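>>> model this:
(chains A and B)
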Amino acid sequence: MLLIILILVPIIGGLVSFLTKNNSQLPALGASLLTLAASLFSAFTYYNGHAPIAIDATWIPTLGANFALNINSGLQVLMLALTAIIFPLVYLFLNDKSFENKSTFYGLMSLAQAGLMGVFLANDALVFYIFWELALIPVYFLSSLFGGENRIKVTFKFFVYTFVGSLLLLVAFLIIYNHTTNHSFAWTSFVESGKSMSGSMQNWMFWLVFLAFAIKMPMFPFHTWQPDAYEQSSTPVTIVLSAIMVKMGLFAVIKWLLPVLPLGVLHWTNLVTILSIIGIIYASCLAIVQTNIKRLIAYSSIAHIGLMIATLFAQNQLGTQGVAIQMFNHGINIMGLWLLVLAIEKRLGTQNLNEMGGLAKLAPKFTIALVLISLANIALPLTNGFIGEFMMFNGLFQSTSQYHIVFTVVAGLGVILAAVYTLGMIQKVAFGELKNNQVVFADLSINEWIVLIIIMGIILWLGFYPNVLMSLVS
Amino acid sequence: MNAIVVSALLGVVMMFAGLLFKNSKQVQWTALIGIFILVGVAIFDNQLISTQGSKSYFNMIELNSFTSWFNVLITSCAAVYFLLFHKQIAGVGINKAEYFALMFFILSGVYLLSSYSNLLILFIGIEILSIPQYILAGSDKENVKSTEASLKYFLMGSFSTGILLMGITLLYGATGSFDIMSNQFTTQFTQVNSMSSLAIVGILLMVVSFGFKVSAAPMHFWTPDVYDGTPTAFTPFMATIVKVSVFVAFIRLFHFSFGSVSHAWQITIVSMIALTLLIGNVTAVYQTSVKRMMAYSSIAQAGFMLFAIFAINATSWKGITLYSITYTLASLGVFAVLIKMKDYTFDGFNGLAKKQPVLAITATICLFSLAGIPLTGGFFAKYYVLMAAVEQGTMLWIVVFAVLMAAISVYYYFRVIMSMYFKQGEAELIEEPTTIEKTLLIINAAIIIALGILPSLIMR
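As a prediction, the model looks like this:
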């Protein structure tokens, strides 16, 4: 029942929002708070080691497809919590903002939340695939309806990219399903079926499955949709894209690729690691030269995700745990950054870094939040980013690949580059001369400040006391 | 069997209705009552078969559980079509009753095609199906394009019928029988090596002539012009109900009779699939008119349905049922919106969502279904036909190719959605949709979504 609530409540909230003319944020907010409560309750249940939480109902008997949802790993708990935390915070942050098509916006956001929840809960390949696609549809409409001038074209590119990946994933699922002995879509049958495939078959099957995930994460060189989409979407939608949707890709690799096609993974480990490490350096260098703040954060996100992919493919326990922790923390930190960008956009009406500056004098609260969240983003000790990054490098170094030292050293350069672009960003936004003296930059309003305090609270809490996360994922 | 007789009788009744009723409303009501009687008869037939088992009539027609169930479904689709379009059908020209009469005759042909067990009945079915269509295509006599469509369709259609006859003749020459279920016929097709060359050429000619009728490339050239030139009220009928019943005839012959020698013709079908998907999808991208885009989309969708023929197993029967119905309902939904528009180009749809949210949302759901997005029936339709191909185990590359082509199809389907929702404009309508029409469209969309959640609803 708990799991049904996690999906059903956002759907209902979304539908009610569609039908509400004024105050359409209220049903969405209410639903998201209820979902948050449910997800925290389920996290608690899991944490205390109670009986596993699962649903398994017959759906299409002739296919062997069951409507199966479950929570049986710390990673799932973290992802559900992340999704459940982000939506209400975004709604609270936007609270006083009124815009056109408000009911459509909140309705679609809620539906997107339902789709994302479904992806993280699914324990049946067909259910997983359907939610994987469904999460995309509301986001497609959101990005196309709200955002910059080129949004329609850019969003369509994003949609086609991910749709191609999804369709190949469908073919892969069909083949794996056909290979199962009991003709079932259950996760356990898939693991068994995939493992029993011959090595050469797994080698090409790997790409059918992995391409969908690589596009979603996105991994270099399949990332070209991402900076444009992040820049052109309106910032709340960008939060959904970058804080949660990219995690779908990583999550899917952990749950639906690594255990299912172990030989295929082993065969391509070096290639994938090399590509993702190229991605780290390439995206970091591009981030340094960006003048648009949204593109800068977009590239920084590619770099962070690159390290997570490389570590995942190193396939050792420490690294994988580090990735799980970092997936959560990266979501929190990047949401904080985007919310600050949203605050800037609202007040200055620009995304261009060269037109900003000197905000520290005008807006101390804003600057405190900016500095702290940016430092968390570059994984300074005592912020939440540190522990995950440390574990990931440790894991990458222990990789069985013969090039593990090279991988770790080159990926380590990414940390230095991250400091360069992040500190550069702080400098350009908050310090230096005021570029436009006519602009009065109001400091954060009450609701914005509350949201950012919550985020900073999470950052510091998990920075000082990472044991909460550690015990969840181990 | 009753459905065949009743549909032909209803055709005659409609012709008399044209004499009796001068009022267009009365004619439409007669047709609507007629189609619901037909649905009832089809259900009655289905009950009969499910209690008494398969039934053969004169060694010419054999109704089994699949056939009778398919007849129920396709008649229900025809009822949906009548409900959505009856006003526009009657508005095409002065011979209102005759249009309905011709469609009842076509339905009679549909039943023959879904249940034939003799090649002669196949031929008669194809002819009963085709000749009324030539008339319907040219029914807008003032319009040159309609006349052109009719002539083109007639020439191409009779050409393909000729090929069909030639194929039947060669098959008869090889086997000495017209009865596709008889031992005399099937023993000739047990092994590829022992087949006579007459039989092989006969099979290939059958493939070609069926290819013509279902508009598979490279026999698709008539399709865009005919579908585009035909009055918009008739295009959906031709592109959906008629086309999918030819598919059922296709799979019936090739599964029951030529299933064991699939190696002899499979490669032909595979090349047809590849070409059909490529040409249909790529050409649809370059269209500026939504009506013409839908014509190419119907070619592309035929490419997917051909997978059922290619695979020839139990799953492919499920696939063809589900694909037929979801494709029909989705196309009807799109055409029902299209026919309301003044301007058939993509730009004509600009801003429709603001003006007519119900039309826009139902069209969107139908387009999602055509593109194969989950939670619409179109997803499971694609799922089943691709599953059939994967199950049969060889030539998996064509499945990968097909999904890449499906990704292209998203481009042109979503262009309509983009126009309706994201572009500014004043979409002009010929007439405001009535509440009843809106309700019907919503029900149609609801059925599509219901099939996307529980596809087993319509599978037996």
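
>>> count the residues that sit near residue 146.
Answering for chain A, as no chain was given. 20 (other C-beta atoms under 10 Å in any protein chain shown). From N, CA and C alone the C-beta is placed, and that goes for glycine too.

>>> wait, chain B was what I had in mind.
Residue B:146: 23 neighbours (other C-beta under 10 Å).

>>> who are the packing partners of the helix or strand of chain A with the lowest mean pLDDT?
Ranked by mean pLDDT, DSSP states H and E, the weakest helix or strand in chain A is helix A:359-362, scoring a mean of 82. In terms of contacts (3 or more C-beta pairs under 8 Å, 6 or more residues apart in numbering or on different chains; DSSP states H and E), helix A:359-362 is packed against helix A:364-377, helix A:404-430.

>>> buried residues, the helix or strand where residue A:286 lies. List them.
Taking DSSP states H and E as the criterion, residue A:286 maps to helix A:262-289. Buried positions in helix A:262-289, judged by neighbour count with 16 or more other C-beta atoms under 10 Å in any protein chain shown: A:262-269, A:272-277, A:279-288.

>>> re the thing from before, any chance of the helices and strands packed on helix A:359-362 in TSV, plus mean neighbour count?
Listed next are the helices and strands packed on helix A:359-362 as TSV, based on neighbours: other C-beta atoms under 10 Å in any protein chain shown:
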stretch	mean neighbour count
helix A:364-377	21
helix A:404-430	18
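
>>> quick one: which of those is nearest residue A:396?
helix A:404-430 (5.1 Å; C-beta to C-beta).

>>> so how far is that closest one from its chain's centroid?
Helix A:404-430 sits 20 Å away from the centroid of its parent chain (C-alpha atoms, centre = their mean, to the nearest Å).

>>> same question, stretch A:165-174
So, by C-alpha atoms, centre = their mean, the centroid of stretch A:165-174 is 21 Å from its chain's centroid.

>>> do you know how far the most centrally placed residue in chain A is from chain B?
The centre of chain A sits closest to residue A:244, judged by C-alpha atoms, centre = their mean, with a distance of 2.8 Å. Using C-beta to the nearest C-beta, to the nearest Å, residue A:244 is found at 19 Å from chain B.

>>> now residue A:13
18 Å.

>>> for that residue, give me its contacts.
Contact analysis of residue A:13 by C-beta atoms under 8 Å, 6 or more residues apart in numbering or on different chains lists A:27-28, A:30-32, A:34, A:110.

>>> closest one of these to chain B?
residue A:110 (16.1 Å; C-beta to the nearest C-beta).

>>> please name the nearest non-neighbouring residue to the closest one.
Of all residues not flanking residue A:110 in the chain, residue A:14 sits nearest, at 3.1 Å (C-beta to C-beta, 6 or more residues apart in numbering or on different chains).

>>> for the helix or strand encompassing that neighbour, which positions count as buried?
Residue A:14 is part of helix A:2-19 when elements are defined by DSSP H and E. The neighbour-count check on helix A:2-19 (16+ other C-beta under 10 Å) flags A:3, A:5-7, A:9-11, A:13-14, A:16-18 as buried.

>>> next one: whichever helix or strand comes after that helix to chain centre, how far?
Per DSSP H and E, the first helix or strand lying C-terminal to helix A:2-19 is helix A:25-47. With C-alpha atoms, centre = their mean as the basis, helix A:25-47 stands 18 Å off its chain's centre.

>>> so which bits of helix A:25-47 are buried?
Per 16+ other C-beta under 10 Å, helix A:25-47 contains these buried residues: A:25, A:27-36, A:38-39, A:42-43, A:45-46.

>>> now swap in stretch B:281-298 and tell me
Neighbour-count burial for stretch B:281-298 flags B:281, B:283-284, B:287, B:289-298 (criterion: 16+ other C-beta under 10 Å).

>>> helix, strand or coil for the closest residue to chain A within the stretch 101-250 of chain B?
The nearest approach of the stretch 101-250 of chain B to chain A comes at residue B:248, 20.2 Å away (C-beta to the nearest C-beta). Recorded secondary structure, residue B:248: helix (DSSP: H, G, I helix; E, B strand; the rest coil).

>>> could you pull up the mean pLDDT of the helix or strand that contains residue A:127?
Assigned by DSSP H and E, residue A:127 falls within helix A:125-145. Here helix A:125-145 scores 91 as its mean pLDDT.

>>> and residue B:83, which of the three is it?
helix.

>>> ugh, typo on my part, it should be residue A:59
Per three-state DSSP, residue A:59 ends up strand.

>>> give me the nearest residue to residue B:301, chain neighbours excluded.
Distance criterion C-beta to C-beta, 6+ apart; nearest residue to residue B:301, sequence neighbours excluded, is residue B:327 at 5.4 Å.

>>> can you tell me, leaving aside adjacent residues, what's nearest to residue A:405?
What sits nearest to residue A:405 in space, not counting adjacent residues and going by C-beta to C-beta, 6+ apart, is residue A:397, at 7.4 Å.

>>> I'd guessed that neighbour sits against residue A:404; true?
Yes: between residue A:397 and residue A:404 there is a contact under C-beta atoms under 8 Å: 6.0 Å.

>>> CSV for the helices and strands packed on helix A:359-362, including mean pLDDT?
Output for the helices and strands packed on helix A:359-362, formatted as CSV (pLDDT from 0 to 100):
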stretch, mean pLDDT
helix A:364-377, 90
helix A:404-430, 90
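
>>> could you dump these to a markdown table with distance to residue B:158?
Output for those, formatted as a markdown table (distance: least, C-beta to C-beta, whole Å):
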| stretch | distance to residue B:158 |
| --- | --- |
| helix A:364-377 | 72 |
| helix A:404-430 | 69 |
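
>>> which one of the ones you listed lies nearest to residue B:254?
The nearest among the helices and strands packed on helix A:359-362, by C-beta to C-beta, is helix A:404-430 at 54.6 Å.
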